[in-house]
Every structure is written in C-alpha cells, then in structure tokens.
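Novice: Got a predicted model here, sequence first, then my questions.
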Amino acid sequence: MSPKHAPSYIARYLKGKSSRKILQKFPGIKAKTKSGKLWSRSYFVATVGNVTAEVVKKYVEEKWKNEED
C-alpha cells in the first residue's frame, strides 16, 4: 500500500494545527519566541526498515530518557 500523503505535508499539517491550538490556549508563548512562531520550518523523516513498532517505541523512549538526563 502506498502512502496517501507525503511526509512534508504531514509535518506541515501537524505543526500548523498544533501551533494554532497551543498559541490559542497559551497566548503568552508567542511573545517569548523570536519570530512569533512556535515551530521552525524544518522536520526530520526517516525509514525504520524491517523492525516492529515495539522496537521503534523502545528506541524513542530511550532517546527521550537521554534528553532528560
């Protein structure tokens, strides 16, 4: 099955919708940003190959844990 939307479209959509909701709920955040925007224009996409969702989940959880240290 081929993907319906390009990763760039999904990234723009999620960033746009989440930014609008967050800034509506917390308007003071906008004043604290350099450009008045919540997200940068960049995003990262990669394939994971032949691994299970559980392996990917564990990897992401470990990355988050390392960021907090």
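Specialist: Perfect, I can see it now.

Novice: pLDDT on the longest helix seen in the chain, on average?
Specialist: Counting by DSSP state H, the longest helix found in the chain is helix 7-25. Regarding helix 7-25, the rounded mean pLDDT is 92.

Novice: Likewise for stretch 44-54?
Specialist: 83.

Novice: So the residue lying closest to residue 11 once chain neighbours are set aside, which state does it fall into?
Specialist: In space, and not counting its chain neighbours, residue 11 is closest to residue 43: 3.9 Å by C-beta to C-beta, 6 or more residues apart in numbering. Where C-beta positions appear, they are placed from N, C-alpha and C, glycine not excepted. Using DSSP: H, G, I helix; E, B strand; the rest coil, the structure places residue 43 in coil.

Novice: do residue 30 as well
Specialist: helix.

Novice: about what we covered before: output the longest helix of the chain as PDB, restricted to C-alpha atoms.
Specialist: The C-alpha trace of helix 7-25 is given here as PDB (Å, rounded to 0.1, in the frame of the first residue of the first chain):
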ATOM      1  CA  PRO A   7       5.900  13.300   4.900                       C
ATOM      2  CA  SER A   8       6.300  17.000   4.200                       C
ATOM      3  CA  TYR A   9       2.500  17.500   4.100                       C
ATOM      4  CA  ILE A  10       2.000  15.600   7.300                       C
ATOM      5  CA  ALA A  11       4.700  17.600   9.100                       C
ATOM      6  CA  ARG A  12       3.300  20.900   7.900                       C
ATOM      7  CA  TYR A  13      -0.200  19.900   8.900                       C
ATOM      8  CA  LEU A  14       0.700  18.700  12.400                       C
ATOM      9  CA  LYS A  15       2.900  21.600  13.100                       C
ATOM     10  CA  GLY A  16       0.300  24.100  11.900                       C
ATOM     11  CA  LYS A  17      -2.600  22.600  13.800                       C
ATOM     12  CA  SER A  18      -0.700  22.100  17.000                       C
ATOM     13  CA  SER A  19       0.800  25.600  16.900                       C
ATOM     14  CA  ARG A  20      -2.600  27.200  16.400                       C
ATOM     15  CA  LYS A  21      -4.100  25.200  19.300                       C
ATOM     16  CA  ILE A  22      -1.200  25.800  21.700                       C
ATOM     17  CA  LEU A  23      -1.000  29.600  20.900                       C
ATOM     18  CA  GLN A  24      -4.800  29.900  21.300                       C
ATOM     19  CA  LYS A  25      -4.600  28.300  24.700                       C
END
